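Trainee: whatever this is, show me its structure:
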Amino acid sequence: MNVVDGGPLPEVSDEARALHASLTVVDLHADTLLWQRSILDRADRGHVDLPRLKDGNVALQVLSSVTKSPAGLNNETNSAEARDDITLLAVAQLQPVPTWTSLLQRTLFHAAKLAQAVERSEGALVPVTDNAGLAALLDARATRQRPVGVMLSVEGLHDLEGDVANLPRLYDAGVRMAGLTHFFDNELAGSMHGEAKGGLTPMGRDVVRQMERMGMIVDIAHCSHACVAEVLAMARRPVVSSHGGVQATCPGNRNLTDDEIRGVAATGGVIGIGYWDSAVCDISPAGIVRAMVHVRNLVGIAHVALGSDFDGTVTTRFDTAHLVQITQGLLRAGFSEGEIRAVMGGNALRVIGAGIVPQPELPA
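Mentor: Numbering: from 1, shown residues only. Next comes the predicted model:
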């Protein structure tokens, strides 16, 4: 379900390889925790595992918890009441019985799964939950060990199960970024792919404010356009779109308008450009870079980032081991070395470093 299509890839120059080896690479979104395989072992399927993260010189990978996916999934309209395919997956994988009926327990299971991988990695995987951990990771990247950092996110806060009191439970489990919605409308907001596609509910507004105070980054990926507008209007901290595209280069409700791109930039946030068809309409490295060029030209280089959606039931041209293809594409598009360092990880590090610091003094 997570395919590398085998299509042609450009030859990578020595210049691109040398530059890529010197980068601090950050990817804002992958769904690897959903699948029943060890992130520590090299696999012959999917897109992400520790050996391939090392091959791709990834310094920090954000890993999301996906807890619900309606049957008949599509980009246009999905019902929250449709049969949930993740329930079938939880049972088929023989996950702990509480995950069979509880969305919250599914995220807690993913958090425990990641913690176990970190423990078994003997220092090769490093969890990032605060700036001290982020600084320690970057210091360790300068050594021969070169560990890979991992940070937990959530794809749709329906896993709160309608109770804002569950947000601290997610935080305590290590969640430092969360999207409000996924492929259907929920108690917080409308989805781009939902039925009503409405804005924020009172609960959604409350959750956004609490996330900002706690140091949990607000992710607008999959939010309806009404939801995006209302989040951007109330945001007091940088907002991210962790994975997606832009309508200027790939029309479709999944992608951001120019006004939404300007809104994210106004918060100081970043837009993670994805690598799959409905995000970029052309999954070649040049197609991906085309979306990045548009964001740079519209709002500046400081707001462009990587948002692969690897392992998110998508088909891509390459896996995480071959991220040098993005570096090569940026060079071919005329990006400077400084711009490439910003896109490939510097911008994401800036937003993460600022966004995970609690600010309990923020007013309601």
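
Trainee: could you report the neighbour count for Val4?
Mentor: Counted with other Cβ atoms under 10 Å, the neighbours of Val4 add up to 17. In this view, the C-beta of every residue, glycine as well, is placed from N, C-alpha and C.

Trainee: over to the one 4 residues further on?
Mentor: The number of residues packed near Pro8 is 6, by other Cβ under 10 Å.

Trainee: I figured Gly149 hits Leu60, correct?
Mentor: Yes - if you go by Cβ atoms under 8 Å, Gly149 and Leu60 touch, sitting 4.0 Å apart.

Trainee: between those two, which contacts overlap?
Mentor: 128, 134, 137 (Cβ atoms under 8 Å, 6 or more residues apart in numbering).

Trainee: list the ones among those that fall in helices.
Mentor: 134, 137 (DSSP state H).

Trainee: got JSON lines for the shared contacts of Gly149 and Leu60, with distance to Ala302 and neighbour count too?
Mentor: Formatted as JSON lines, the shared contacts of Gly149 and Leu60 follow (distance: Cβ to Cβ, whole Å; neighbours: other Cβ atoms under 10 Å):
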{"residue": "Val128", "distance to Ala302": "21", "neighbour count": "25"}
{"residue": "Leu134", "distance to Ala302": "19", "neighbour count": "20"}
{"residue": "Leu137", "distance to Ala302": "22", "neighbour count": "20"}
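
Trainee: and which of the shared contacts of Gly149 and Leu60 is nearest Leu53?
Mentor: Leu137 (12.9 Å; Cβ to Cβ).

Trainee: list the contacts of that closest one.
Mentor: 59-60, 126, 128, 147, 149.

Trainee: before we move on, what about Gly269?
Mentor: 238-241, 303, 351.

Trainee: quick revisit: let me have the shared contacts of Gly149 and Leu60 in a markdown table, extended by pLDDT.
Mentor: Below are these laid out as a markdown table (pLDDT from 0 to 100):
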| residue | pLDDT |
| --- | --- |
| Val128 | 98 |
| Leu134 | 98 |
| Leu137 | 97 |
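
Trainee: reformat the shared contacts of Gly149 and Leu60 as a markdown table; add distance to Thr257.
Mentor: Formatted as a markdown table, these follow (distance: Cβ to Cβ, whole Å):
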| residue | distance to Thr257 |
| --- | --- |
| Val128 | 31 |
| Leu134 | 32 |
| Leu137 | 35 |
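
Trainee: the stretch 151-300 of the chain: helices as residue ranges?
Mentor: With DSSP state H, counting those that start in this stretch, the ranges of helices along the stretch 151-300 of the chain come out as 167-172, 202-214, 225-234, 258-266, 277-280, 285-299.

Trainee: what would those look like in JSON lines with mean pLDDT, distance to Gly46 and mean neighbour count?
Mentor: As requested, the helices of the stretch 151-300 of the chain are exported to JSON lines (pLDDT from 0 to 100; distance: least, Cβ to Cβ, whole Å; neighbours: other Cβ atoms under 10 Å):
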{"stretch": "helix 167-172", "mean pLDDT": "98", "distance to Gly46": "25", "mean neighbour count": "17"}
{"stretch": "helix 202-214", "mean pLDDT": "98", "distance to Gly46": "30", "mean neighbour count": "19"}
{"stretch": "helix 225-234", "mean pLDDT": "98", "distance to Gly46": "30", "mean neighbour count": "20"}
{"stretch": "helix 258-266", "mean pLDDT": "98", "distance to Gly46": "29", "mean neighbour count": "18"}
{"stretch": "helix 277-280", "mean pLDDT": "97", "distance to Gly46": "18", "mean neighbour count": "21"}
{"stretch": "helix 285-299", "mean pLDDT": "98", "distance to Gly46": "19", "mean neighbour count": "21"}
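
Trainee: would you reformat those as JSON lines and include distance to Trp35?
Mentor: Converted to JSON lines, the helices of the stretch 151-300 of the chain look like this (distance: least, Cβ to Cβ, whole Å):
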{"stretch": "helix 167-172", "distance to Trp35": "21"}
{"stretch": "helix 202-214", "distance to Trp35": "27"}
{"stretch": "helix 225-234", "distance to Trp35": "28"}
{"stretch": "helix 258-266", "distance to Trp35": "30"}
{"stretch": "helix 277-280", "distance to Trp35": "20"}
{"stretch": "helix 285-299", "distance to Trp35": "23"}
